[in-house]
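Trainee: This is a predicted model, with the sequence first.
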There are 2 protein chains.
Amino acid sequence: MTHIAAVTVLGTGVLGSQIAYQTAYSGLNVDAYDINEKALTTAKKRFTRLAATYKEQIKGAAEGKADAALKRITLQLDLERAVAEADLVIEAIPEIIELKRDTYSKIGHLAPQKTIFATNTSTLLPSDLMESTGRPERFLALHFANQIWIHNTAEVMGTSKTDPDVYRTIVDFASKIGMVPIELKKEHPRYVLNSLLTPWLDNALGLLADGVAEPETVDKTWRIATGAPMGPFQILDMVGLNTVYNIDAAGNEEQHRLARFLKENYIDKGKLGADSGEGFYSYASE
Amino acid sequence: MTHIAAVTVLGTGVLGSQIAYQTAYSGLNVDAYDINEKALTTAKKRFTRLAATYKEQIKGAAEGKADAALKRITLQLDLERAVAEADLVIEAIPEIIELKRDTYSKIGHLAPQKTIFATNTSTLLPSDLMESTGRPERFLALHFANQIWIHNTAEVMGTSKTDPDVYRTIVDFASKIGMVPIELKKEHPRYVLNSLLTPWLDNALGLLADGVAEPETVDKTWRIATGAPMGPFQILDMVGLNTVYNIDAAGNEEQHRLARFLKENYIDKGKLGADSGEGFYSYASE
């Protein structure tokens, strides 16, 4: 297995910043790259906020560990410099296939031969991107969930060309940064989690959109039947209605119908989920 | 609302016996009907076993309450006698539409006008049966889950002809016998629970059948993402593989494929779920 010491994260959006911070929090040095000063200013704020969140929510983080993580992150505007020393590049840039391909094509030339590339893509397959990397055997998907410090799954999904040693290296890396590696044995659209979660949420939404049952009714049915603490509408509120809207809006005809239902009855009324104070349920403000 | 004092349960199979026992346990008198002596002998054993289970698992049941319930159950072989005094007949006979229609047609003549009929059908819609009752306004579905004393949902689903007062009566009755009433506002195939549960289990099975991920992998992904104590394969083991096989075998093409996969890889090898000692997981024998 390749030893991973230096990690570069491309993209400092919601997920990218969490991945960079969590990696730094685990003791590794991280280069966090984004395309302009403005993005990096936002990134800096995100990292500071993440440090505060970790201090609040993670035992031991307040005793210097959360702040030390901040010092291990180097902001980068220069792509060449950002990847020059990387053992691993984790790509978390927008879900636009041409943008991703272009980026891989660039770093394929800029990064040393040893560097492993991992995409955090949610909607694409790694095989859609592998040829652009110029090193498909050192390329795979490593998919994180939002609120990485709580939902600490890291789905590892290679292509038919991924070197098994690279795959093991990334599984090992995921463990080292505090994730539970979820090993997919072959490519599958939407990985494990979203293969289960999306249709489950859609089916629940369908019951509401069709006037069959209220969110409270659906949720308590699920809780009693499976012993879970939360039903689908509680999860929808937690995930955020916009996220589910975006998935459904890009889906099949039934999903388009559900996306419209979500938009008209909730999103357009400012009901975006728990973070907005209201979604299917109301949340008392702090 | 109609006052429900005398309840008759038709059919003393797994669910029927649980419904009858739970109703009796809640203090009501129950006539438990089945078609022959052999069925009633089995029923008697089921009730005795249920009393033992309640004593073990339910606080207070051992202090006379579980045994008192047994005394409130009258076994019946004569359909006319079984329904003569009933305020409510709960039908839990096999899922064969002609058998159910024939039964409703008979009790439609035998039962007093006041009697409400409720079907526990899992696979049919109440509107498929309502005309046979001769009293569609006093007919609806009341659907229980296996292990009624733990999974205490009672889905209440009327047809377009169900009298709202009858619907409220049955919601109230469900609460009185310790159930959480799940109110469906209109007819929907497979109610709330199975609308969510079946595709969720099928999607998980698909990941395994397609060689994407192992049960342990899928389950831990779900647990971490949703905070649930059990993932889909743990639930499959709990529900029993035969139950899911029967649902999938009666389903669409993809479900047929999953049914075959279940049969060949698990059921034919005696791996039926937790009760058989092995399913997707192994269970230490007691």
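Mentor: Perfect, thanks for sending it. Numbering: from 1, shown residues only, chains lettered A, B, ... in the order given.

Trainee: List the contacts of the residue of chain A found nearest chain B.
Mentor: In chain A, no residue comes nearer to chain B than A:A228, which is 3.7 Å away by C-beta to the nearest C-beta. In short, each C-beta sits where N, CA and C put it, glycine included. Contact criterion C-beta atoms under 8 Å, 6 or more residues apart in numbering or on different chains gives A:222, B:226-230 as the residues in contact with A:A228.

Trainee: What subset of those is buried?
Mentor: Among these, those scoring as buried are A:222, B:226, B:228, B:230 (criterion: 16 or more other C-beta atoms under 10 Å in any protein chain shown).

Trainee: and the least confident of those residues?
Mentor: Here the lowest pLDDT out of those sits on B:T226, with 93.

Trainee: That one contacts A:G231, correct?
Mentor: No - using C-beta atoms under 8 Å, B:T226 makes no contact with A:G231, being 9.6 Å away.

Trainee: now for whichever helix or strand A:E216 is part of, which elements pack on it?
Mentor: Per DSSP states H and E, A:E216 falls inside helix A:215-226. Applying 3 or more C-beta pairs under 8 Å, 6 or more residues apart in numbering or on different chains; DSSP states H and E, one finds that helix A:215-226 contacts helix A:193-209, helix A:232-239, strand B:153-157, strand B:180-184, helix B:193-209.

Trainee: The fourth one vs strand B:153-157, what angle?
Mentor: Regarding strand B:180-184 and strand B:153-157, their directions subtend 30 degrees when assessed with axes from the mean of the first three to the mean of the last three C-alpha atoms, to 10 degrees.

Trainee: Direction included, what does strand B:180-184 pair up with?
Mentor: strand B:153-157 (parallel) (DSSP bridges).

Trainee: so how far is the strand it pairs with off the chain centroid?
Mentor: Offset of strand B:153-157 from its chain centre (C-alpha atoms, centre = their mean, to the nearest Å): 10 Å.

Trainee: go on, stretch A:59-67?
Mentor: A distance of 23 Å separates the centroid of the chain from that of stretch A:59-67, by C-alpha atoms, centre = their mean.

Trainee: Please apply the same query to stretch A:264-282.
Mentor: Going by C-alpha atoms, centre = their mean, where stretch A:264-282 is centred and where its chain is centred differ by 22 Å.

Trainee: Following the record's annotation, map out the domains of chain A.
Mentor: Following automatic domain parsing, chain A resolves into domains at A:6-183, A:194-276.

Trainee: between those domains, which gets nearest to B:V14?
Mentor: domain A:194-276 (16.5 Å; C-beta to C-beta).

Trainee: hang on, the earlier thing: pretty sure the residue of chain A closest to chain B sits in a strand.
Mentor: No - assigned with DSSP: H, G, I helix; E, B strand; the rest coil, A:A228 falls outside any strand and is coil.

Trainee: And the strands in chain A, which stretches?
Mentor: For chain A, applying DSSP state E gives strands covering A:6-10, A:29-33, A:73-76, A:88-91, A:116-119, A:139-144, A:153-157, A:180-184.

Trainee: Chain B contacts on the stretch 1-150 of chain A?
Mentor: A:A145 (C-beta under 8 Å from any C-beta of the partner chain).

Trainee: re earlier: how about CSV for the domains of chain A, with distance to B:E80 added?
Mentor: Formatted as CSV, the domains of chain A follow (distance: least, C-beta to C-beta, whole Å):
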stretch, distance to B:E80
domain A:6-183, 59
domain A:194-276, 37
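
Trainee: Between the two ends of stretch A:260-272, what distance do you get?
Mentor: End-to-end distance of stretch A:260-272 (C-alpha to C-alpha, to the nearest Å): 14 Å.

Trainee: now do stretch A:128-140
Mentor: 11 Å.

Trainee: what is the mean pLDDT for it?
Mentor: Per-residue scores along stretch A:128-140 average to 98.

Trainee: Quick one: distance of that stretch to the chain centre.
Mentor: The answer for stretch A:128-140 is 20 Å, by C-alpha atoms, centre = their mean.

Trainee: Please apply the same query to stretch A:191-210.
Mentor: 19 Å.

Trainee: So which bits of it are buried?
Mentor: A:191-209.

Trainee: Report the helix or strand with the lowest average pLDDT across chain A.
Mentor: helix A:241-249 (a mean of 93; mean pLDDT, DSSP states H and E).

Trainee: other SSEs contacting that helix?
Mentor: helix A:193-209, helix A:253-265.

Trainee: With distance to A:A43 and mean pLDDT as extra columns, can I get those helices in JSON lines?
Mentor: Formatted as JSON lines, those follow (distance: least, C-beta to C-beta, whole Å; pLDDT from 0 to 100):
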{"stretch": "helix A:193-209", "distance to A:A43": "26", "mean pLDDT": "97"}
{"stretch": "helix A:253-265", "distance to A:A43": "30", "mean pLDDT": "97"}
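
Trainee: Read off the pLDDT value for the nearest residue to A:A51 once chain neighbours are set aside.
Mentor: Leaving aside its sequence neighbours, A:A51 sits nearest to A:A66 (C-beta to C-beta, 6 or more residues apart in numbering or on different chains; 4.3 Å). We note a pLDDT of 97 for A:A66 in this prediction.

Trainee: show me the contacts for A:A66.
Mentor: Neighbours of A:A66 in contact, by C-beta under 8 Å, 6+ apart: A:25, A:51-52, A:54-55, A:58.

Trainee: redo that, cut-off 6 Å
Mentor: Shown here is A:A66, whose contacts under the criterion C-beta atoms under 6 Å, 6 or more residues apart in numbering or on different chains are A:51, A:54-55.

Trainee: Repeat that for A:G108.
Mentor: Contacts of A:G108 were listed using C-beta under 6 Å, 6+ apart, and they are A:133-134.

Trainee: same thing but 8 Å
Mentor: Counting by C-beta under 8 Å, 6+ apart, A:G108 has contacts A:117, A:132-135.

Trainee: Let me know the closest of the residues you listed to B:I73.
Mentor: Taking C-beta to C-beta as the measure, B:I73 lies nearest A:F117 of the contacts of A:G108, at 67.8 Å.

Trainee: And for the closest residue to A:K176 other than its chain neighbours, the neighbour number?
Mentor: Once flanking residues are discounted, A:K176 sits nearest to A:S26: 6.3 Å by C-beta to C-beta, 6+ apart. Using other C-beta atoms under 10 Å in any protein chain shown, A:S26 has 18 neighbouring residues.

Trainee: per-residue confidence for A:S26?
Mentor: Listed pLDDT for A:S26 reads 97.

Trainee: circling back: make JSON lines out of the buried ones among the contacts of A:A228 and add distance to A:L99.
Mentor: Listed next are the buried ones among the contacts of A:A228 as JSON lines, based on distance: C-beta to C-beta, whole Å:
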{"residue": "A:W222", "distance to A:L99": "38"}
{"residue": "B:T226", "distance to A:L99": "31"}
{"residue": "B:A228", "distance to A:L99": "36"}
{"residue": "B:M230", "distance to A:L99": "40"}
